[in-house]
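J.: Give me coordinates for this.
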Amino acid sequence: MKHAHPILFAALALTVASILISGCKTEPLSIKGNPVQSFQSNTFSMTGIFLDRYTLQKRYGNKNNPFINVNYLITPREFMVIDLIVRAEDQDLRLDVNKMRVEYATQNVTPLNKFLLIQHWNQEDQQDRDVRPIDTARKRSLINKTLLPDKVRISQGGSVRGLVVFSANFPKTGEAVLTVPVFNASGKLIERAKMKYRFELSESL
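T.: Residues are numbered from 1 along each chain as shown. Modelled structure (predicted):
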């Protein structure tokens, strides 16, 4: 019996390790109702489209997709991805991505900018022996092409479109409020646009 304890301990350690490595995924965020929300004013119009996991896979693929996070059992984190479209109606406008936020339950989350999201995947991919440098490069390229830059200027009559990515251990049910401050050309706040999204439990995709 003296040798039983080390064997049992090793078996237990192997089981825990396999769980962590395989990535026990949490349930993805699932929208309840319309994923497309809009905000309209005399100065600008705005549309925010929540992209669920199926849509993200359809757009950017299932492999090396930088907008689908690897959710582990101990530290489950989900990406909430919004496709944001803003049109300036009667004057030039400015957006500051770092001042956008999502309020969900007790959480108040600001977006990951390009640098932070690229850094996240650099760290994740370095720990995964199956990920090749070309895979990390593809993620970096997609992030640079699709995420909104930190500072955005929109000329009168023009529009901008890009992704905004939030990361947290989001509840799977409830209402999230996206707030997007909009500024004039001199940096004065015009209005805080708010759009609401409701989520419900769903089976993993």
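
J.: Helices of the chain, start to end?
T.: In the chain, helices defined by DSSP state H lie at 4-22, 53-60, 114-126, 133-146, listed in chain order.

J.: got the contact list for the nearest residue to Thr173 once chain neighbours are set aside?
T.: Take Thr173 and drop its neighbours on the chain: the residue closest to it by CB to CB, 6 or more residues apart in numbering is Glu200, 5.4 Å away. Any C-beta I mention is one placed from the backbone N, CA and C, and that applies to glycine too. By CB atoms under 8 Å, 6 or more residues apart in numbering, the contact list for Glu200 reads 30-32, 172-173.

J.: Those residues in strands, which ones?
T.: Among those, DSSP state E puts 30-32 in strands.

J.: I'd like to know how many residues surround Thr173.
T.: For Thr173, the neighbour count with other CB atoms under 10 Å is 14.

J.: And it, how far from Ser45?
T.: Distance from Thr173 to Ser45, counting by CB to CB, to the nearest Å: 30 Å.

J.: what do you get for Ile31?
T.: In terms of CB to CB, Ile31 sits 21 Å off from Ser45.

J.: isn't Phe50 right next to Leu84, touching?
T.: No. At 10.5 Å, Phe50 does not count as touching Leu84 under the criterion of CB atoms under 8 Å.

J.: what's near enough to touch the closest residue to Trp121 other than its chain neighbours?
T.: Excluding the flanking residues, the one nearest Trp121 by CB to CB, 6+ apart is Lys139, at 4.9 Å. Lys139 makes contacts with 64-66, 118, 121, 125, as judged by CB under 8 Å, 6+ apart.

J.: Just give me the closest of those residues to Val97.
T.: Ile118 (14.6 Å; CB to CB).

J.: Contact partners for the closest one?
T.: So Ile118 contacts 139-140, 143-144 (CB under 8 Å, 6+ apart).

J.: now swap in Leu117 and tell me
T.: 66, 143, 147, 165.

J.: can you do 6 Å?
T.: By CB atoms under 6 Å, 6 or more residues apart in numbering, the residues touching Leu117 are Ile143.

J.: And it, how close does it get to Leu142?
T.: 10 Å.

J.: can you check Glu103 too?
T.: Remark: distance between Glu103 and Leu142 (CB to CB) = 27 Å.

J.: between the two, who's got more neighbours?
T.: A count of neighbours by other CB under 10 Å puts Leu142 above the other of Glu103 and Leu142, at 20 against 15.

J.: In contact with the more buried one, which residues?
T.: Pro66.

J.: Tell me the spacing between it and Lys151.
T.: Taken as CB to CB, the span from Leu142 to Lys151 is 21 Å.

J.: Check Lys114 too.
T.: 12 Å.

J.: ditto for Asp130
T.: 36 Å.

J.: Just give the number of residues close to the closest residue to Gly187 other than its chain neighbours.
T.: Nearest residue to Gly187 in three dimensions, chain neighbours excluded: Arg94, at 6.4 Å (CB to CB, 6+ apart). Arg94 has 19 neighbours, counted by other CB under 10 Å.

J.: Test my guess that Arg94 contacts Pro181.
T.: No. Using CB atoms under 6 Å as the test, Arg94 is too far from Pro181 to be in contact (9.5 Å).
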